[in-house]
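A.B. asks: structure, please.
(2 chains)
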Number of protein chains: 2
Amino acid sequence: MSRHLPILDWARAYDRGTLTSDLLAAVIVTIMLIPQSLAYAMLAGLPPEVGLYASILPLLAYAAFGTSRSLAVGPVAVVSLMTASAVGEFAAQGTADYLVAAAALALISGGMLVLMGLFRLGFLANFLSHPVISGFITASGLLIAASQLRHVLGLPGGGNTLPQILRSLTAHASAVQPAALAIGAGTIGFLYFARTRLRGILIGFGLPPRPADMLTKAAPILSVAVTIGLAITLDLGARGLALVGQVPPGLPPIGLPAITIERVMTLAGPAFLIGIIGFVESVSVAQTLAARRRQRIHPDQELIGLGAANIAAGLSAGYPVTGGFARSVVNYDAGAETPAAGIFTAIGIALATLFLTPLFASLPQATLAAIIIVAVLSLVDFRAIRRIHAYSRPDFAAMCATICVTLLWGVEPGVVAGVLLSLALHLHRTSRPHMAVVGQVPGCEHFRNVERHDVLTDPEILSLRIDESLYFANSRHLENRISALVAERPALKHVVLMCSAVNSIDASALESLEEINHRLKEAGIAFHLSEVKGPVMDRLRRTEFLDTLTGQVFLSQFDAFQTLKPTPFPA
Amino acid sequence: MSRHLPILDWARAYDRGTLTSDLLAAVIVTIMLIPQSLAYAMLAGLPPEVGLYASILPLLAYAAFGTSRSLAVGPVAVVSLMTASAVGEFAAQGTADYLVAAAALALISGGMLVLMGLFRLGFLANFLSHPVISGFITASGLLIAASQLRHVLGLPGGGNTLPQILRSLTAHASAVQPAALAIGAGTIGFLYFARTRLRGILIGFGLPPRPADMLTKAAPILSVAVTIGLAITLDLGARGLALVGQVPPGLPPIGLPAITIERVMTLAGPAFLIGIIGFVESVSVAQTLAARRRQRIHPDQELIGLGAANIAAGLSAGYPVTGGFARSVVNYDAGAETPAAGIFTAIGIALATLFLTPLFASLPQATLAAIIIVAVLSLVDFRAIRRIHAYSRPDFAAMCATICVTLLWGVEPGVVAGVLLSLALHLHRTSRPHMAVVGQVPGCEHFRNVERHDVLTDPEILSLRIDESLYFANSRHLENRISALVAERPALKHVVLMCSAVNSIDASALESLEEINHRLKEAGIAFHLSEVKGPVMDRLRRTEFLDTLTGQVFLSQFDAFQTLKPTPFPA
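C.D. replies: Numbering: from 1, shown residues only, chains lettered A, B, ... in the order given. I've put the predicted structure just below:
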């Protein structure tokens, strides 16, 4: 029971000490989450209250079903961008349809995550390789920053891809609003200063590191307060500055989004991608934090936790949510010990939607855009591109493809292109495995590559080592290689395949081995194996292959040479 | 030059002895190919002369560009079925459009094969695993046999899938024609007798084995001659028996098929599948025959050879061709020594189209259907299904999916479903690799699985062996596994990852190792590697990983235990 409802575990041992820690963490995370929720809702093309709605019930649901003690869920940048892209295909921003589709997206995505968790399909997320995710996040960060520039400049327009956004910006370039620019650039400057310098200065003034950290993280809420103050005192709204405007006070309405089955089908693809991307991000944050306290994250249960959070978002007029990196670290650092901190945070946000919304009416959109820009630029990681370039060309290619396709064609094609290319490159690599003709190192039992070492060979015996498991994509390559090697060696009598690196042999590879055995037999050559691993040998014993094998299976390559060579080399 | 034009190789050494052998083989293959060409054209939904056209120029093209000395190309059963399925989507049988589309299909498919050969993309064919091909061929054989039943029964109708064909047969069941049934069933019986008994009987009468073989293979042409005779003498055509009808005499017209770009785009998918399937079949036949004489097939050049043959088919009003198994074996057994045998066969077929076509007018369609049925039933291999079931469940699943989808939805969905499923299962398998916690075998330096062997372990040291290369699909699994193992072991101080089976580490896996190192460090545990292979170590040295590694890289797991344990176990 407690496997699928982790709340039963930690709630039992809950005491006053934990309560104090969790409450403190909740206050700090609430202060951080309010401006983020408003900002990311804007990024998703949604009214600001939807961001707040997505930070109430989802937190309660995750607290009940999630396995991380520190993860803070809610709206995050990349998922907001993906929501804008997915929903924007069907409905115009500002319409009721758009709101319904965003909530439905959360509901569908949540349902998929729960199903994946119940059927233990979490491994599907593994097909998002690190270079693809890293490239996707970098490209999304650039895309988000570019998309928010217009709010900082006070321009109309929009766009889901970099060319669209840039075209829209240049088309309206003459209409830059000085007030928006002043507030936007000022906020960016202040937030950047807070991020890079403030902590050091506060510590210099004698503040202990942890409070200094917390104060630094509160910089966004400070900029929100100050720019609201400026907007009201200078009456900037009347002078044309875009403000958030009236936010309806009150708790979110509860209910199923009114949506047709056809719309559900068209949202299924984006919902799946949003779910998987959110899951990967969230689990990686959760595992990093859990490791510090030697706690454990159960990925399949995390799917259920995140799925429940998204279902809650969908039922309470929200939009897709996931675990955020920055806010989870703040939650952890502030001392959160159990998911109860998430429950208290939800209560804090609920209080904000009840009582603080009138204040947000005068919040400049440029402030929110500035908060987003500073937040997402930390996602852009150009060093990762260089590092991966140095380590592996195929991974680099997958990463570049993801970045370029995301920037030029949008987020969904970007992820899909990256995944398909990384799969294709992986299969291509394993389909041409490293093979080496080996010979005996003089004076010992070792066998090494004849091209790299000075080793002993025999014209009648060909020893070939294959450095990969044998499966359909590479077994014909082995057939070809052996054919080629045999055609070059007229005196050949024995071929020994050294299987020390072969972890498995699938049915195609078995058929290829049978074919090699058959063809070598036609040519009067015996076919042997050596150093076959236990589990591989167990499987081969279940077939007729060993009966038809013209040669033997040797325990070691050295044994093979000792047996097959009339005058063996000494060890 | 001679790499891409193998004819330059063998033509130089051509002499009178080779000429005699090749001529004899050509005569025998021609006799075999005439009824097959007519029959497979009917299977493809094409007029009989198209089958003959596809057996003239393509043979010349393959002789110039192919690398096999014995391969006999021309129309084959499976490719004919695939042609019927692909072309049938756009045009009705018997229309000029249908003929044009079939020729275009050959041209497109040939062009793709040539490009694949030039860009060395032959490895793409490797993604058709043996179980998928075997299942596909079995299902195609069943489908073809079922589709020909109506000709044997003298019924109208058609269909591309098993349910369609069976529905059509039952709908017309009351209209069975006695004459068709007599000729069809009689021919099937005779051909089956020839295939299983005739050779033995002829040898019993004192004939040497090789002529007996050749005579046996000539059974189809004999049944053609006999049933033509019956049809003429009994005037069966006038009594309602379906005959081949007027075949226009003369050589094929040469020219580009008149087709729009849109049609080319829609034919591209089927053309690709037909090309790949044909290539796989053909190369496997060619390699088997080449091995007997220690000759070599160059797969990338084979793509060019087969591609040229298909382009020739497309330009001469033919349809897709490939190397056939039965006729290649006959060609080889009859003594063909060079591709010149193919040139002589082409001349033989050309003579037949010039002079023999009037004879074919009275050939009963039931005879051709019988020839097809007996030929394709040898493709159906139920034993392979059992064998693969015993060896590997994932391979069995891929095979069954291919068979079922092919029978129920047709040939193209069948191949695609099989390939996708086998890829998914392969990735699923490698994404959850075998891992074993290992301990030292008492009294020696070996380390074995703690669950299978009685080995020595230490509560402070965890030794984990992973039996697979590390890449994106399995690296997070390793992270999870190590997290779980660490959470169970409060006294743990060292984790040693034994990499003896790791042939490569991609960028994702490297990042996972860094993450594991980082998380273990947070938990106060050192992370070590052991038995890292040379090429893998070379790559790791190019990164910062080894600098940040909290532990060491040991040459062997035994070294690790010796170094890390305060009181090491003796070897």
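A.B. asks: and the residue nearest to A:Asp333 when sequence neighbours are not counted, what's its pLDDT?
C.D. replies: Counting by Cβ to Cβ, 6 or more residues apart in numbering or on different chains, A:Asp333 lies nearest to A:Asp213, which is 6.4 Å off, once chain neighbours are set aside. All C-beta spots, glycine's among them, are computed from the backbone N, C-alpha and C. A:Asp213 is assigned 81 on the pLDDT scale.
A.B. asks: give the other helices and strands that the helix or strand where A:Ala309 lies contacts.
C.D. replies: Assigned by DSSP states H and E, A:Ala309 falls within helix A:299-315. The helices and strands touching helix A:299-315, judged by 3 or more Cβ pairs under 8 Å, 6 or more residues apart in numbering or on different chains; DSSP states H and E, are helix A:57-65, helix A:96-118, helix A:261-292, strand A:322-323.
A.B. asks: what does the stretch 301-450 of chain A put close to chain B?
C.D. replies: Residues of the stretch 301-450 of chain A lying close to chain B (Cβ under 8 Å from any Cβ of the partner chain) are A:387-388, A:390-392, A:394-396, A:422-423, A:426-434.
A.B. asks: using ChimeraX, define a selection of the buried residues within the residues you listed.
C.D. replies: Buried subset of these, written as a ChimeraX selection, criterion 16 or more other Cβ atoms under 10 Å in any protein chain shown:
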select /A:387,388,391,392,394,395,396,422,423,426,427,428,429,430,431,433
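A.B. asks: so what's the spatially most central residue of chain A up against?
C.D. replies: Centroid check for chain A by Cα atoms, centre = their mean gives A:Val280 as the closest residue, at 3.9 Å. By Cβ atoms under 8 Å, 6 or more residues apart in numbering or on different chains, the residues touching A:Val280 are A:125, A:128, A:133.
A.B. asks: A:Gly245 now?
C.D. replies: A:Ala361.
A.B. asks: let me know the secondary structure of it.
C.D. replies: coil (DSSP: H, G, I helix; E, B strand; the rest coil).
A.B. asks: quick check on it: phi, psi?
C.D. replies: Dihedral angles of A:Gly245 (phi, psi; degrees, to the nearest 10) stand at phi 90, psi -180.
A.B. asks: residues contacting stretch A:4-13, please?
C.D. replies: A:1-2, A:63-67, A:69, A:301, A:304-305, A:338-340.
A.B. asks: ok, of those residues, which come out buried?
C.D. replies: Using 16+ other Cβ under 10 Å, the buried ones in those are A:63-67, A:69, A:301, A:304-305, A:338-340.
A.B. asks: ok so, going back, which stretch in the helices and strands packed on helix A:299-315 has the least confidence?
C.D. replies: helix A:261-292 (a mean of 88).
A.B. asks: in it, which residues are buried?
C.D. replies: Buried residues in helix A:261-292 (16+ other Cβ under 10 Å): A:263-264, A:267, A:270-291.
A.B. asks: now the helix or strand that contains A:Ile165: average pLDDT?
C.D. replies: A:Ile165 belongs to helix A:162-171 when assigned by DSSP H and E. What helix A:162-171 shows for mean pLDDT is 92.
A.B. asks: quick one: the residue of the stretch 201-350 of chain A found nearest chain B from B:Glu515, how far?
C.D. replies: At 3.3 Å from chain B, A:Ala291 is the closest residue in the stretch 201-350 of chain A, using Cβ to the nearest Cβ. To B:Glu515, A:Ala291 is 9 Å away according to Cβ to Cβ, to the nearest Å.
A.B. asks: cool, A:His453 as well?
C.D. replies: 36 Å.
A.B. asks: what does A:Arg541 give?
C.D. replies: Taken as Cβ to Cβ, the span from A:Arg541 to B:Glu515 is 39 Å.
A.B. asks: got the end-to-end distance for stretch A:122-139?
C.D. replies: 25 Å (Cα to Cα, to the nearest Å).
A.B. asks: which residues touch A:Gln412?
C.D. replies: One thing to correct before we go on: residue A:412 is Glu, not Gln. Per Cβ under 8 Å, 6+ apart, neighbours of A:Glu412: A:82, A:85-86, A:269-270, A:273.
A.B. asks: shouldn't it be within a strand?
C.D. replies: No. In this structure, A:Glu412 is helix, not part of a strand, as judged by three-state DSSP.
A.B. asks: residues touching A:Gly17, list them.
C.D. replies: A:Gly17 sits in contact with no residue, where contact means Cβ under 8 Å, 6+ apart.
A.B. asks: look up phi and psi at whichever residue of the stretch 101-250 of chain A sits closest to chain B.
C.D. replies: Closest contact between the stretch 101-250 of chain A and chain B, by Cβ to the nearest Cβ, is at A:Ser129 (3.3 Å). The phi/psi pair for A:Ser129 (degrees, to the nearest 10) reads phi -70, psi 160.
A.B. asks: show me the contacts for it.
C.D. replies: A:395, A:398, A:418-419, A:422, B:471-473, B:506-508.
A.B. asks: SS state for A:Leu462?
C.D. replies: A:Leu462 - assigned by three-state DSSP - is strand.
A.B. asks: quick revisit: how about the residue of the stretch 201-350 of chain A closest to chain B, what does it touch?
C.D. replies: Counted by Cβ under 8 Å, 6+ apart, A:Ala291 has contacts B:483, B:518-520, B:522-523.
A.B. asks: ditto for A:Leu149
C.D. replies: A:165, A:169, A:369, A:373.
A.B. asks: and it, how far from A:Ala84?
C.D. replies: A:Leu149 is 15 Å from A:Ala84, by Cβ to Cβ.
A.B. asks: in TSV, list the contacts of A:Glu412 along with distance to chain B.
C.D. replies: What follows is the contacts of A:Glu412, written out as TSV (distance: Cβ to the nearest Cβ, whole Å):
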residue	distance to chain B
A:Met82	21
A:Ser85	24
A:Ala86	25
A:Gly269	17
A:Pro270	22
A:Leu273	17
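A.B. asks: can you name the residues bridging to A:Ala526?
C.D. replies: A:His494 (DSSP bridges).
A.B. asks: isn't it up against A:His494?
C.D. replies: Yes. Using Cβ atoms under 8 Å, A:Ala526 makes contact with A:His494 at a distance of 5.1 Å.
A.B. asks: those two: which has the busier surroundings?
C.D. replies: Regarding A:Ala526 and A:His494, a neighbour count based on other Cβ atoms under 10 Å in any protein chain shown identifies A:His494 as having more, with 22 against 18.
A.B. asks: what's the distance between the more buried one and chain B?
C.D. replies: From A:His494 across to chain B, the span is 15 Å (Cβ to the nearest Cβ, to the nearest Å).
A.B. asks: buried ones in stretch A:227-236?
C.D. replies: Counting neighbours by 16+ other Cβ under 10 Å, stretch A:227-236 gives A:227-228, A:230-231, A:236 as buried.
A.B. asks: among these, which two are most distant?
C.D. replies: A:Ile228 and A:Leu236 (10.2 Å; Cβ to Cβ).
A.B. asks: tell me, what's touching the two both at once?
C.D. replies: Common neighbours of A:Ile228 and A:Leu236 (Cβ under 8 Å, 6+ apart) are A:Pro364.
A.B. asks: I figured A:Lys565 hits A:Asp458, correct?
C.D. replies: Yes. If you go by Cβ under 8 Å, A:Lys565 and A:Asp458 touch, sitting 5.7 Å apart.
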